[in-house]
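Novice: Take this sequence and fold it.
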Amino acid sequence: MPHPYWYGGLVFISLLLLCFTLWKKRDGRLLVLHFALAGLIDPFEYIILILYPAYQYFPSLTGDLWIDNMLGAISSNDFIVPAVAVIGAAFHLRVYWLVLFSVLFMLVECLFLSFAVFGHFWWEIPYSGIGILLFLLIGRYLWKLILRGPLKKPVLFLYIFFVFLFIYGSCHFIQAHLLDVHDLNIGWFPDQIRDHLALSEAIEILVALLTSAAFFFNRTGQLLIAVVLIAFDTSLMALKIIQVDNVWEFIFYVLLQFISIWVVHKIVKYGTQTQVS
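Specialist: Got it, this is the predicted structure:
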């Protein structure tokens, strides 16, 4: 079977699971939970996929090792893993179900390894089982907090942070690698794509922190954060770390940040309501 089919299958199954959950529960907050859980994976993947590679995805979609790696990670981290976590949370599944899901994920990983559509460097299959079980437990606990509501400020801060990481990170990736709006170059790694991805994730984390803080500020504080963001982006462009072909691409780059912030603030307000009509 061609490699893209394996990863396309994961995306297809995850969409079926998510649609089934939303249909049965009739609660749009679960979609926001999916976004937050997908974002929760990002900082860990940044370390073990980009900075200190533990494994490698082989979807064979683009011909570039690092872009393929990220597309494979998206099918796993943005789709199937959070989709299963949302099921566990929405239906309040007992721990033994979550353990069963973790075992199934390990079996799927074995299958991917045997067909050479996924590979290990220093990673081990039990690491996946333990990590996914913890992830499923976190997802279930987070949903309980939302239902109990309102979220305490530290939890709400983290919730906004992870939702933003997912939404802006996805848009930022599309903006750079599909629309070819900008390049990032800082010289951390010899491979230009890996260098771009490493800096891109670091920028996304920084902007996510500012976005989460802005949620609790008044208009003046939010305006100050907007000024800081524009100054930061302008400085990176002046240093040729952000590379664009013209001023319109830079405007698009900055505009995407502010649109993402506005969207995330809106959906988090909806997604953390104690009750929805």
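
Novice: all strands for the stretch 101-250 of the chain, in order.
Specialist: For the stretch 101-250 of the chain, the strands defined by DSSP state E, counting those that start in this stretch cover 118-120, 183-184, 242-243.

Novice: How about the contacts made by K269?
Specialist: Listed by CB atoms under 8 Å, 6 or more residues apart in numbering, the contact set of K269 is empty. Just so you know, the C-beta spots here come from the backbone N, C-alpha and C atoms, and that holds for glycine as well.

Novice: hang on, the earlier thing: to I80, which of the strands of the stretch 101-250 of the chain lies closest?
Specialist: Nearest to I80, of all the strands of the stretch 101-250 of the chain, is strand 118-120, at 12.9 Å by CB to CB.

Novice: Tell me the buried residues in the closest one?
Specialist: Residues F118 are the ones in strand 118-120 that count as buried (16 or more other CB atoms under 10 Å).

Novice: same check, this time on stretch 54-71
Specialist: Neighbour count says stretch 54-71 has Y55, Q56, Y57, F58, P59, W66, I67, D68, N69, M70, L71 buried, by 16+ other CB under 10 Å.

Novice: before we move on, what about stretch 252-266?
Specialist: Y253, V254, L256, Q257, S260, I261, V264, H265.

Novice: quick revisit: mind putting the buried residues of stretch 54-71 in TSV, secondary structure, pLDDT and distance to A85 included?
Specialist: Formatted as TSV, the buried residues of stretch 54-71 follow (DSSP: H, G, I helix; E, B strand; the rest coil; pLDDT from 0 to 100; distance: CB to CB, whole Å):
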residue	secondary structure	pLDDT	distance to A85
Y55	strand	97	20
Q56	strand	96	24
Y57	strand	97	20
F58	coil	96	25
P59	coil	94	22
W66	helix	94	26
I67	helix	95	26
D68	helix	95	25
N69	helix	95	22
M70	helix	96	21
L71	helix	96	21
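
Novice: domains of this structure?
Specialist: By the assignment in automatic domain parsing, the chain contains the domains 1-148, 166-277.

Novice: ranking those domains by burial, who's on top?
Specialist: domain 1-148 (a mean of 18; mean count of other CB atoms under 10 Å).

Novice: measure it end to end?
Specialist: 46 Å (CA to CA, to the nearest Å).

Novice: Now do it: distance to the chain's middle.
Specialist: How far domain 1-148 lies from its chain's middle: 11 Å, per CA atoms, centre = their mean, to the nearest Å.

Novice: Report the separation between N246 and A231.
Specialist: 20 Å (CB to CB, to the nearest Å).

Novice: got it, and F252?
Specialist: 18 Å.

Novice: For the spatially closest residue to E204 that is not a sequence neighbour, give me its contacts.
Specialist: Computed as CB to CB, 6 or more residues apart in numbering, the closest residue to E204 that is not its neighbour in sequence is G169, at 4.9 Å. By CB under 8 Å, 6+ apart, the contact set of G169 is G39, D42, E201, E204.

Novice: In contact with the third one, which residues are there?
Specialist: Right, the one you point to is E201. D42, Y46, I50, G169.

Novice: Can you pick out the most distant pair from the residues you listed?
Specialist: I50 and G169 (12.3 Å).

Novice: looking at it, L236 is touching I242, isn't it?
Specialist: Yes. L236 is within contact range of I242, at 4.4 Å (criterion: CB atoms under 8 Å).
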